[in-house]
Every structure is written in C-alpha cells, then in structure tokens.
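In: one predicted model, sequence on top.
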4 protein chains.
Amino acid sequence: MKQEKTYKDAGFGGQVPRGRNPALIVIDLSYGFTDAIYPTASEASAQIAVTNSLIAAARLRSIPVIFTVISFNKSELDVLPWLKKATGMKALEDGSRLVEIDDRLDREPTDAVFVKKGASAFFGTNLASQLAGAGVNTVVVAGATTSGCIRASAVDAVQSGFNVLVAADACVDRAQPPHEAALYDIQQKYGDVVSSAEIIQYFKSL
Amino acid sequence: MKQEKTYKDAGFGGQVPRGRNPALIVIDLSYGFTDAIYPTASEASAQIAVTNSLIAAARLRSIPVIFTVISFNKSELDVLPWLKKATGMKALEDGSRLVEIDDRLDREPTDAVFVKKGASAFFGTNLASQLAGAGVNTVVVAGATTSGCIRASAVDAVQSGFNVLVAADACVDRAQPPHEAALYDIQQKYGDVVSSAEIIQYFKSL
Amino acid sequence: MKQEKTYKDAGFGGQVPRGRNPALIVIDLSYGFTDAIYPTASEASAQIAVTNSLIAAARLRSIPVIFTVISFNKSELDVLPWLKKATGMKALEDGSRLVEIDDRLDREPTDAVFVKKGASAFFGTNLASQLAGAGVNTVVVAGATTSGCIRASAVDAVQSGFNVLVAADACVDRAQPPHEAALYDIQQKYGDVVSSAEIIQYFKSL
Amino acid sequence: MKQEKTYKDAGFGGQVPRGRNPALIVIDLSYGFTDAIYPTASEASAQIAVTNSLIAAARLRSIPVIFTVISFNKSELDVLPWLKKATGMKALEDGSRLVEIDDRLDREPTDAVFVKKGASAFFGTNLASQLAGAGVNTVVVAGATTSGCIRASAVDAVQSGFNVLVAADACVDRAQPPHEAALYDIQQKYGDVVSSAEIIQYFKSL
C-alpha cells in the first residue's frame, strides 16, 4: 500500500506509447534455457507456445522477429568476469546443443539471430543499430529468463530509445519470486508488462 | 529451499575475485534521490554516512572515487522513452537542485562525475573507458536506488568486464521488497553483495 | 583512375537515402576549435556562417539541432589514453573558454549539447538513444574537425543505424590534405558528402 | 611543413605507452578482403606473412590473438544504412567463403573471433569487455583495410581506454593514398604507427 503510493508519487508506472513500427525480440530460448535436462534450463513449453503465437501475429504484419542466444568461445570462458560469478553459464559453449535455439520455435532462416555474451540483448551486440536502421520504435520482449536477460534487455531497450512491452506469459524463469519481482520493476520503471493477447491485438491493429 | 537448489545447480552465486585495482562508484546520490522533500527521493542519511566511510577508505589507498548523476536537458524531456514510463524522472532537470550531488558526501573537486540519462552508470557514458584507461578491474557500487540504478549499473559493470561488489548497507531504495529482490539477483548472478565493513577491509588490504 | 575503378568495383560510393526525419549535428565548434588564439583551433568563420545557414533551415522544419563539445574533468586528464597521444586535447578542460560553444552560432537554450571524451559524437554519449527516441533516420554532420571528429562521428552514425550526410563547406580542419582525404573516405564508404546548399534544399523539401 | 607545425602546436603525435598486457587484433583478413578474385578484396600475401610473424611473437608471450570478420545475415542486408552506402559489403554474407578467415593465417581454435557489422572492431561487439576482463591495456592492430576498419578500430580502441599501436606493414588497403592518409591521421591522433619489427621487439620485451 505504502509502496504503491511511494511509487505513484515518484512518477513511475506510466503507460508507454505503442509505436507504428514494433519488433519482437525473443530472448535466449536456446536449449540451455528450455530443456530441463540442463541445470541452467527451466520447463518452458507453455512460454514457447505463447511466443509462437506472438511470432505468428508478427509475421502477419511483417514485423521483424529477432532472436538472441548466449554463446561463448573458449577464449572467453576464463576471461569474462560474468562467468566467474555465474559459473553455470560456462556450459553455453559455441557449437554445443545448449546454444541452439529450441526447434519448437517458429523461426525462419531470414530472422536475425544476435549472439550475446551477457544478460542484455543490446550489450556488446549490434541490435540497437539494426532496430534504428529498420525504423523500429517499440520493442516487444519475450523469452528467458525474466529476472535475468528479459529484465536487462528491457532496461537497455528503453535506454536505447525504444518503447518497451514485455509479454508476461511469454517469459520464463527458474523461480517465481524473482520472476514476479522483475515484472514488478519493469512495469513500474521500464516498460509495460502485458499479456500476449494484448500484444497480438496491438500487432493486429497496425 | 527449492529455489536455492535450483540456483545452485544452475551455477549461480559464485564468489567474484577482488582485484588489485578497484574503483568506488557512487550512484545518483543527488538531492533528487536523497532529500525526501522530493517525491523521487528517499531518506538516505544512513546510507550516505556509510558511503562516506567507503570514500574515506578509498582515499587512503588512492582508489578512484567516481560519482554519477541523472540530469536531463530540455530537448531530452519529450524524446527519451524512459521519461514516458518513469515520468517522475523528468524533474531531474539540468541546473535544478535535484541533480546536485548531496553536499553531505565527502566529494573532492577532482572526483569524476558522470552524467547519465538512464538507469545504468555505463549506458551512454564514458565510464567503461575511464575504468579501462585507469587499469581498474573491480568495481564497488553504492548509492541509489538498489532496484534501479544500482542494479542496472552492476549488470553493466560485469558485462563491461569488471568484477562487481555491491555494498548492501550503502544502497538505498524506495521500498524494501524491490531492494531485497535486487540484492538477491545481484548476489546470485552479477556481483558479490557484501557489507561496507568487508569493502573497507578489502581496500585496507591493498 | 585505377583507384576509382577499384572503389567502384568494390561497391563503394552509393547514394544514401534522405529520410523524412533528419537531425543536424554540429560537432565541436567550441572556442578550442574555432578561435585561432588556441593552438588546437583553426580559422572557422566561413564554416560557422555556413553552419548557421544549416541551422536556420533546420529551425524552419523543426529539425532537431544538436551540438557536441569535448570537455574533460581533472580525473580524466591523466587516465584517458587518447590524451597521451593527443596531448593538446588536455587543454579542453571543464569550465574553460575552450569548451564553450562559439557564440557566433545560432544556438538556442533548448538545443541538446552532448559532452564527449573522444573523437566520435556517439562514443560514450547518449546520442544514438536520443536520435532513436526522436525517430530520426538521417544525420547531417557539420563542424570540426573533418579528419577527426567529423569523420569519426560519420562512421559511428552509419554504424548506429542512421543515414549520413556531411555538409562539406561546413566542415573545418587544420590542414587541407587530411580534410580532403577524410571527405573522400566518407563519400566512398560512410555517407554522402554534399554542399550545404543541397542540405538546405533537402530540409526545405520536407 | 606548415601542416607539421600546426599539428605539433596542436599537441598531436605523442608517443603512446606500451603496456605490460597487450593484445593483438587481426582485423577482417577473411577471403572477402584477401582473395583478389572478389572485388572487395586486395592482394594481401605480404601483410598476411607479416601478421603471422606478429602472431608467432604473441604466442611466445601468451598474448591474446583476436580475429574479427564482417559477416551479415539476410535480415541485415536491407536494413543497415552502411550497406546502402557501401553496397559491395553485402557480399559478406554469413556462410559464404568471403567471411571465412584466410587459411594462411596461423589461427588457433581457441583464438577469439568477433563478428562485426561495421568498420570498427569495437562497435556492436563485446571486444572492449573481453579486453577489460583480460586486463589488457594496449592493443596492437593489423589487417584490412587501413583506411576503413583498421582506422575505425584504432579510433575506437583509444576511445575505449586502450593504448593503440598499428603495425603499418601488416595493414593492407585497396589504394595507396587512403592507406597513407589513414596512417598519417592515426599516427598524429590515435596511436603509434610502427613497424612489425618494433611490435615483435615490444612483445619480446615482456
């Protein structure tokens, strides 16, 4: 209650504009995050199905569908500080099955795939340039994990000059409290957290 | 319990190396975040006192002390998407008292001050270059707010190639649940969340 | 002759699209580059007059006019590697007259000013985000110096996803051969090098 | 003569420090730049031989050897503004022989390879983070082309906080005047332009 008032008084939680030129960014739905045989992964079947419905809606309006994966070459494994803290991420090695995008996703060969080396889809990649070059003004985010790469990508998307929408039911995480805390922070400060149904409606309206 | 095991199995929560060349980054302790007369601010007296003890320890070892502030010029107010979501941040205008660093901090005229336009101290600033140029390998973070700029800066610091330590008792936020959720995520994935006493001990050991 | 054919065969020298939403970026026309009493500066009266004609044309169409300056705080002077190579740039200190934008320029208080720490207007600044947030797709560059900051900014502008036009007669340099070599490279590889008259015509057409 | 004096007075042409932890960056020596059957390429046999001597010297001191290639996916071909100006670069498609690193180079499987989408090895890549994480302070640049990607990478390296050395006889370009103009500008403003013999001596001294 008090927190709600504090945040409202601080001017958070506004509604972001839905631009005419969105892009759909599907974050890190490679087997290392979607196949529960790997300790870094979670059960993600439901979110993959929802993401496919977003992808289908995007195709109908020729909205760009962009994928990201985390993948490391050997020279990075002992060098990047992130891999000293999050040592499990070292399993995401170039050429391994963990860095292959889950085959259940309706990906097309012409979709862009950005390889990243950290949490954010924008950090150390050319994604912001590609979006600017394509005249994109609004970014819809889905994928894994909510409290990790989704959140970091949402923060960087709005910092990069794009309106941000996060499709809550298309976001997967390893545990519920961090998932919910991340969606709360995003909704308050960085982008609108909405249902995939609302995103599909928005895409259809274009 | 289950979450703890899931995170441990995923290889999170490692201890990051304490390098020989740290820097102390004091995030956004301007009046807009520290003087509770402003709706964007929180009571921060305790954290400012703790930050000053970190600054004092840094001075003894000639460790760089770097400040950041958020400050916008008029041309940005209607343009940056972040200010459509977090409309309260528009109050942080160039020249206003809200963007002045709190005078209670033991700042020296030669300390660097980086002006930023979003949550992360690294985004859209020259901070990573300054750290690389100074041979810094480890970044200690303090300031405001834990779930906002501290967290975003910690994520970007480790992505930028630096080990990250966050001084928990030097971090202030508007509400306790986001503060704790942010420290949890940082400790698991991006940097070590420690006490200021431990940071001071580390600085003394150099 | 041979060089022309080599470059044409390599597929350089194309014409870049003129977008509907340009911005005018005026690079580093502070006294440190425009007042010949400083060793870092050149005689720039003619280029300032031309730049003012570009600014006037931009105002008529509400095209954003953005300025950049190089300015260093004391903590940067001994740290940034650039200042070990280009030691003369150390004179561009915060608060000095060298970092003030030349008063002969028709600047308005609401124009954005980006402070940079290197050659490129985009490096270590929030400029790309501001342009993306404003829906800009084409960047017109003028200012100083052609072979230094103009060229670096043109390269980064096109890398950042924006079409680039350089107003040749609004660009000033310390010597003619580097000025011409830079314009040649830009015209071949990064953006269209045109006259200010052509830019004004383009602005009027919007 | 006059130009020399102007540049000297402006404080250019300083000597950059040679740090204890260098890295060797081999820029864009893929077949699209080294096999003259492609219109984007130049005869590069001599420079490849020289680069191999730099690589050999780096291996003796466990100095990181890093390669870059330009390579585009289909979604980028119609979107990136650079490919509208430098249309010949569109031939550098993912999976084509043009984006394979020339087999004559003494590359090892553990060497990092950064894929880039523009002129600079740093732009839109994780290279600066990898260098910071590895504690690198000095960057040695070789490859193709001098006036394009070498120069842009040298500018970004020094902007990113690293001292820059360019091995002149390991740099190849399509024509002599732009090659020389680029080396002149680099030597004056961004890094030391030296012979590979001097680089090898420097590596040996470590």
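Out: Structure's in. What do you need? Residues are numbered from 1 along each chain as shown, chains lettered A, B, ... in the order given.
In: is any residue of the longest strand anywhere in chain A near chain B?
Out: When chain A is scanned for its longest strand (criterion: DSSP state E), the result is strand A:163-172. Yes - interface with chain B: strand A:163-172 contributes A:163-164 (Cβ under 8 Å from any Cβ of the partner chain). C-beta: built from backbone N, CA, C; applies to glycine.
In: name the helices or strands packed onto that strand?
Out: Helices and strands touching strand A:163-172, by 3 or more Cβ pairs under 8 Å, 6 or more residues apart in numbering or on different chains; DSSP states H and E, are helix A:45-60, strand A:138-144, helix A:151-159, helix A:176-189, strand A:192-194, helix A:196-204.
In: what angle separates the last one from strand A:163-172?
Out: Right, helix A:196-204. Relative orientation of helix A:196-204 versus strand A:163-172 (axes from the mean of the first three to the mean of the last three Cα atoms, to 10 degrees): 140 degrees.
In: same question for the second one.
Out: Angle, strand A:138-144 to strand A:163-172, by the same axes, to 10 degrees: 20 degrees.
In: hmm, back to that, for the helices and strands packed on strand A:163-172, give me TSV that also has mean neighbour count and distance to residue C:79.
Out: As requested, those are arranged in TSV below (neighbours: other Cβ atoms under 10 Å in any protein chain shown; distance: least, Cβ to Cβ, whole Å):
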stretch	mean neighbour count	distance to residue C:79
helix A:45-60	18	45
strand A:138-144	27	35
helix A:151-159	29	25
helix A:176-189	20	32
strand A:192-194	20	41
helix A:196-204	17	46
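In: around chain D, pick out the residues from chain A.
Out: Residues of chain A lying near chain D (Cβ under 8 Å from any Cβ): A:64, A:66, A:73-76, A:79-81, A:109-113, A:115-118, A:123-127, A:129-130, A:133-134.
In: residue numbers of chain A in contact with chain C?
Out: A:128-135, A:137, A:159-162.
In: ok, now with 6 Å
Out: For chain A, the residues in contact with chain C (Cβ under 6 Å from any Cβ of the partner chain) are A:129, A:132-133, A:160-161.
In: please check those and keep the buried ones.
Out: Buried by 16 or more other Cβ atoms under 10 Å in any protein chain shown: A:129, A:132-133, A:160-161, out of the residues of chain A next to chain C.
In: and those, which of them are in strands?
Out: Among these, no member is found in strands (DSSP E).
In: in helices, which of those fall?
Out: Counted as lying in helices by DSSP state H, out of those, are A:129, A:132-133.
In: would you list these in a markdown table and tack on distance to residue B:12 and pLDDT?
Out: Formatted as a markdown table, these follow (distance: Cβ to Cβ, whole Å; pLDDT from 0 to 100):
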| residue | distance to residue B:12 | pLDDT |
| --- | --- | --- |
| A:129 | 31 | 98 |
| A:132 | 34 | 98 |
| A:133 | 36 | 98 |
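In: which of these lies closest to residue B:11?
Out: residue A:129 (31.9 Å; Cβ to Cβ).
In: returning to that earlier point: are any of the residues of chain A next to chain D buried, and which?
Out: Taking 16+ other Cβ under 10 Å as the criterion, what is buried in the residues of chain A next to chain D is A:64, A:66, A:73, A:75-76, A:79-81, A:111-113, A:115-118, A:123-127, A:129-130, A:133-134.
In: keeping just the C-alphas, turn the longest strand of chain A into PDB.
Out: C-alpha atoms of strand A:163-172 as PDB (Å, rounded to 0.1, in the frame of the first residue of the first chain):
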ATOM      1  CA  ASN A 163       9.400   1.900 -26.100                       C
ATOM      2  CA  VAL A 164       9.200  -1.500 -24.300                       C
ATOM      3  CA  LEU A 165       6.500  -4.000 -23.900                       C
ATOM      4  CA  VAL A 166       7.000  -7.300 -22.100                       C
ATOM      5  CA  ALA A 167       4.700 -10.200 -22.800                       C
ATOM      6  CA  ALA A 168       4.400 -11.600 -19.200                       C
ATOM      7  CA  ASP A 169       3.000 -15.000 -20.200                       C
ATOM      8  CA  ALA A 170       5.900 -15.500 -22.700                       C
ATOM      9  CA  CYS A 171       8.600 -15.000 -20.100                       C
ATOM     10  CA  VAL A 172      10.100 -17.900 -18.200                       C
END
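In: mind putting the buried ones among the residues of chain A next to chain C into a markdown table with distance to residue C:33?
Out: Below are those laid out as a markdown table (distance: Cβ to Cβ, whole Å):
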| residue | distance to residue C:33 |
| --- | --- |
| A:129 | 28 |
| A:132 | 28 |
| A:133 | 30 |
| A:160 | 30 |
| A:161 | 28 |
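In: check contacts around the residue lying closest to residue A:191 once chain neighbours are set aside.
Out: Sequence neighbours aside, residue A:164 is the residue nearest to residue A:191 in space, at 2.8 Å (criterion: Cβ to Cβ, 6 or more residues apart in numbering or on different chains). Counting by Cβ atoms under 6 Å, 6 or more residues apart in numbering or on different chains, residue A:164 makes contact with A:139, A:154, A:157-158, A:190-191.
In: repeat that with 7 Å
Out: Applying Cβ atoms under 7 Å, 6 or more residues apart in numbering or on different chains to residue A:164 gives the contacts A:16, A:139, A:141, A:154, A:157-158, A:190-191.
In: circling back to that earlier point, can you list the helices and strands packed on strand A:163-172 in a markdown table and add mean pLDDT?
Out: Formatted as a markdown table, those follow (pLDDT from 0 to 100):
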| stretch | mean pLDDT |
| --- | --- |
| helix A:45-60 | 98 |
| strand A:138-144 | 98 |
| helix A:151-159 | 98 |
| helix A:176-189 | 97 |
| strand A:192-194 | 98 |
| helix A:196-204 | 98 |
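In: switch these over to TSV; also include distance to chain B.
Out: Compiled in TSV, these are given as follows (distance: least, Cβ to the nearest Cβ, whole Å):
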stretch	distance to chain B
helix A:45-60	17
strand A:138-144	9
helix A:151-159	4
helix A:176-189	3
strand A:192-194	8
helix A:196-204	16
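In: of the ones you listed, which is nearest residue B:180?
Out: Checking the helices and strands packed on strand A:163-172 against residue B:180 by Cβ to Cβ gives helix A:176-189 as the closest, at 8.6 Å.
In: chain center to that closest one: distance?
Out: Remark: helix A:176-189 is offset 14 Å from the chain centroid, using Cα atoms, centre = their mean, to the nearest Å.
In: same check, this time on stretch A:76-89
Out: 21 Å.
In: narrow the residues of chain A next to chain D to those in helices?
Out: Taking DSSP H, the ones among the residues of chain A next to chain D that sit in helices are A:74-76, A:127, A:129-130, A:133.
In: ok, so of the residues you listed, who is nearest residue C:103?
Out: Of all these, residue C:103 sits closest to residue A:129, with 35.3 Å by Cβ to Cβ.
In: so what's the closest one up against?
Out: Contact partners of residue A:129, counting by Cβ under 7 Å, 6+ apart, are C:159-161, D:80, D:117, D:124.
In: rerun at 10 Å
Out: Residue A:129 is in contact with A:122, A:160, C:128, C:132, C:156, C:158-162, D:76, D:79-82, D:117-118, D:123-124, counting by Cβ atoms under 10 Å, 6 or more residues apart in numbering or on different chains.
In: what bits of chain A have low per-residue confidence?
Out: Along chain A, the model assigns pLDDT under 70 to residues A:1.
In: repeat that for 50
Out: Across chain A, nothing is flagged by pLDDT under 50.
In: residue at max distance from the center of it?
Out: For chain A, the largest distance from the centre (Cα atoms, centre = their mean) belongs to residue A:2, which lies 30.6 Å off.
In: can you tell me, leaving aside adjacent residues, what's nearest to that one?
Out: Spatial nearest neighbour of residue A:2, chain neighbours left out: residue B:175 (7.6 Å); criterion: Cβ to Cβ, 6+ apart.
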